[in-house]
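In: coords please:
(one chain, ligands or ions: 1)
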Amino acid sequence: MIMSTSKKKVLLSGMQPSGALHLGNYEGALRNWVELQNTGKYDMFNCIVDWHALTSGFESTEMLVPRIYEMAADYIAAGLDPDKTAIFVQSHVKEHAELHLLLSMITPIPWLERVPSYKEKVESLGLDSYGFLGYPLLQAADIIVYRADVVPVGKDQLPHLELTREVVRRFHYLYGEVFPEPEALVTKFQVLPGTDGQKMSKSYGNFIALGDSPDIVKTKVMSMFTDPAKIHKTDLGHPADCPVHIYRTIYDSSLPADLADKCSAGDPSVGCVGCKKALLAALVEYFKDFRERRMVLLSDKAQLDEHLKRGAERARERAAETLRLVRSAMRMFKPEI
Ligand code: SF4
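Out: Sure, this is the predicted structure:
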């Protein structure tokens with residue numbers, strides 16, 4: 001069993017198993033988690049938040065288990081090491097649910113209604129369940145059940161973390177100090193556009209998944225949007241707004257330094273088809289080892305189960321300790337009976 005090292009700061013991260021992980025997830029989160037893990041500075045807990053996936057996907061749960069396995073394989077293939085990071089499934093650690101319930105007693109409903117993504121999704125997706133309203137509070141429980149010091153987040157997730165901090169302060173005001181107020185570890189990353197130039201989204205289907213085979217990557221890359229103003233090679237291009245070029249700046253180590261200038265100047269020696277072929281070769285090569293590791297991991301579910309079991313054991317140990325502190329602070333009836 002991996003022991004928590006109390007001198008290190010505790011870091012909590014997680015993602016919903018709501019579909020295949022794509023390049024945007026990799027750049028926006030996973031790559032950073034691996035780097036944070038490899039600094040050795042944090043006691044890392046990484047949660048596959050399956051209960052959260054139910055808030056919008058409660059009607060079609062048949063893909064939940066396969067997606068959990070795929071996510072665990074993606075994490076490990078990308079470099080999260082189960083010996084260094086507790087990788088586990090949220091629903092395997094029941095303390096998340098108990099703490100969520102206790103926090104729900106002290107959290108005013110308007111605090112939840114004002115979270116920006118709540119209003120947005122109620123309007124756009126018509127979600128109005130009790131579970132959906134409580135989503136940010138379950139997220140707060142996910143974080144503080146590990147008494148996490150830091151949470152790596154993008155700027156758009158800051159309001160969620162601020163709610164967690166408010167709930168912590170309210171708990172402390174009512175019952176005394178138990179949790180650290182978790183700090184945001186704001187990640188700076190390159191936002192990748194979707195293959196159609198719009199915002200990348202699982203629901204728009206405009207992404208390249210980490211697990212896509214070279215043939216699928218080929219189909220997606222060769223139909224990618226470029227600069228709509230670049231119809232002929234001699235047209236003046238805008239590479240900074242061209243998804244193919246943006247991807248190449250990240251994944252193509254042989255990208256010629258003068259390509260952007262040549263594209264902008266309408267130099268006929270560069271063209272969109274050539275750029276796409278170069279991007280395809282670069283992506284296939286960049287994720288070659290990842291794909292192989294992922295396939296090996298997915299071919300041995302028993303081994304993945306073992307990784308998730310070890311992760312859940314370590315998570316449960318810390319979460320159970322937190323719940324003992326919480327019950328004691330709240331003067332609950334002898335919980336051991
Ligand atoms: S030539 Fe290359 S960089 Fe320029 S618009 Fe086409 S794909 Fe983008």
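In: and C47, helix, strand or coil?
Out: strand (DSSP: H, G, I helix; E, B strand; the rest coil).
In: give me the beta-bridge partners of it?
Out: Beta bridges link C47 to G14, F88, judged by DSSP bridges.
In: and the pLDDT at it?
Out: At C47 the predicted local confidence, pLDDT, stands at 97.
In: now do M3
Out: The model reports M3 with a pLDDT of 43.
In: same check, this time on the one 5 residues further on
Out: We have a pLDDT of 94 for K8.
In: burial measure for it, as a count.
Out: When neighbours are defined as other Cβ atoms under 10 Å, K8 has 13 of them. Backbone N, C-alpha and C define where each C-beta goes, glycine included.
In: which residues touch it?
Out: Neighbouring residues of K8 by Cβ atoms under 8 Å, 6 or more residues apart in numbering: 41-43.
In: 6 Å instead, please
Out: K8 makes contact with 42-43, according to Cβ atoms under 6 Å, 6 or more residues apart in numbering.
In: what do you get for V221?
Out: The contact partners of V221, taken as Cβ under 6 Å, 6+ apart, are 276, 279-280.
In: ok so it is a strand residue?
Out: No. Counting by three-state DSSP, V221 falls outside a strand, being helix.
In: which of the contacts of V221 lies closest to L127?
Out: L279 (36.1 Å; Cβ to Cβ).
In: mind listing what I68 touches?
Out: Contact analysis of I68 by Cβ under 6 Å, 6+ apart lists 17, 48, 89.
In: what do you get for G131?
Out: Counted by Cβ under 6 Å, 6+ apart, G131 has contacts T55.
In: can you pull the buried residues of the strand or helix carrying it?
Out: Per DSSP states H and E: G131 is located in helix 130-133. Using 16 or more other Cβ atoms under 10 Å as the test for burial, helix 130-133 gives 132-133.
In: packing partners of the next helix or strand after that helix?
Out: Following helix 130-133 in sequence order, the next helix or strand is helix 135-144 (DSSP H and E). If contacts are counted by 3 or more Cβ pairs under 6 Å, 6 or more residues apart in numbering; DSSP states H and E, helix 135-144 sits against helix 95-106, helix 158-175.
In: how far does the helix or strand of the chain with the lowest mean pLDDT sit from the chain's center?
Out: Across the helices and strands of the chain, mean pLDDT, DSSP states H and E gives its lowest value to helix 116-125, namely a mean of 73. Centroid separation between helix 116-125 and its chain, computed with Cα atoms, centre = their mean, to the nearest Å, is 20 Å.
In: and what of stretch 151-162?
Out: On the basis of Cα atoms, centre = their mean, stretch 151-162 sits 12 Å off its chain's mean C-alpha point.
In: next one: stretch 328-336
Out: Per Cα atoms, centre = their mean, the centroid offset for stretch 328-336 relative to its chain is 34 Å.
In: confirm that G19 sits in a helix.
Out: No. G19 is assigned coil when assessed by three-state DSSP, not a helix.
In: go through the longest helix seen in the chain and flag the buried ones.
Out: In the chain, taking DSSP state H as the definition, the longest helix is helix 301-329. Buried residues in helix 301-329, counted by 16+ other Cβ under 10 Å: 304, 307-308, 310-312, 314-316, 318-319, 322-323, 326-327, 329.
In: next, the angle helix 135-144 makes with it.
Out: Going by axes from the mean of the first three to the mean of the last three Cα atoms, to 10 degrees, helix 301-329 is angled at 90 degrees with respect to helix 135-144.
In: gap between helix 301-329 and the chain center?
Out: Chain-centre distance of helix 301-329: 20 Å, with Cα atoms, centre = their mean.
In: got it, and stretch 86-101?
Out: Centroid separation between stretch 86-101 and its chain, computed with Cα atoms, centre = their mean, is 17 Å.
In: for the residue nearest to G57 when sequence neighbours are not counted, phi and psi?
Out: Using Cβ to Cβ, 6 or more residues apart in numbering and skipping the chain neighbours, the partner closest in space to G57 is S18 (6.0 Å). Backbone torsions of S18, given as degrees, to the nearest 10, read phi -100, psi 10.
In: can you name the residue of the stretch 101-250 of the chain nearest the ligand?
Out: Using Cβ to the nearest ligand atom, the single residue of the stretch 101-250 of the chain nearest to the ligand is C242, 3.3 Å away.
In: do I have it right that that residue meets T226?
Out: Yes. Counting by Cβ atoms under 6 Å, C242 sits close enough to T226 to count as a contact (4.9 Å).
In: roughly how far does H100 sit from the ligand?
Out: According to Cβ to the nearest ligand atom, to the nearest Å, H100 and the ligand sit 47 Å apart.
In: residue contacts, the residue nearest to that residue when sequence neighbours are not counted?
Out: Nearest non-adjacent residue to H100, counting by Cβ to Cβ, 6+ apart: A141, 4.1 Å away. Applying Cβ under 6 Å, 6+ apart, one finds that A141 lies in contact with 96, 99-100, 103.
In: with respect to M200, which of these is nearest?
Out: Of all the contacts of A141, H96 has the smallest distance to M200: 28.5 Å, by Cβ to Cβ.
In: report the separation between that closest one and D305.
Out: Relative to D305, H96 is positioned 20 Å away (Cβ to Cβ, to the nearest Å).
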